[in-house]
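Visitor: below are the sequence and a predicted model; questions follow.
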Amino acid sequence: MPITPRNLIKHELIGLNVEVSASTNRYLVGIKGRVVDETKNMLVIRTDSGVKRVPKKSTKFIFTLPDKRKVEVEGNLIIGRPENRIFKKVRKW
């Protein structure tokens, strides 16, 4: 199934380009690169200046889909192990 804005939070995030658009930690805002790993509470992003670990909680991300569409996602919606996220019930966002 292709990645769309509607199914992004239930999809694999590794390999997508991402940018941190908002965070309670101001030093994280503006980090951009490619998602290289994902844990329950963190995204690991490869940037031009190295690998950064960004918490999902209290952070907003802008993901660039393979068809070049950009989707902003509240980090709290993607908390959880990737393999368990597909079963998560989420209201429309």
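Guide: That came through, no problem.
Visitor: and the residue most central in space within the chain, its phi and psi?
Guide: Closest to where the C-alpha atoms of the chain average out (C-alpha atoms, centre = their mean) is Phe61, at 5.5 Å. Phe61 adopts backbone torsions of phi -120, psi 150, taken as degrees, to the nearest 10.
Visitor: Leu77 too?
Guide: phi -70, psi -20.
Visitor: was I right about it contacting Lys10?
Guide: No - using C-beta atoms under 8 Å, Leu77 is not in contact with Lys10; the gap is 9.8 Å. Yep, even glycine has a C-beta here, placed from its N, CA and C like the rest.
Visitor: if we can go back for a sec, beta-bridge partners for the residue nearest to the centre of the chain, please?
Guide: Val20, Val73 (DSSP bridges).
Visitor: how close does the residue lying farthest from the centre of the chain sit to Lys32?
Guide: Centroid-distance maximum for the chain: Ser49 at 19.0 Å, with C-alpha atoms, centre = their mean. For Ser49, the distance to Lys32 under the criterion C-beta to C-beta, to the nearest Å works out to 11 Å.
Visitor: ditto for Ile14
Guide: For Ile14, the distance to Lys32 (C-beta to C-beta) stands at 16 Å.
Visitor: low pLDDT regions in the protein?
Guide: 88-93 (pLDDT under 70).
Visitor: break down it into its strands, ranges please.
Guide: In the chain, the strands defined using DSSP state E lie at 17-23, 32-38, 42-47, 50-55, 59-64, 70-74.
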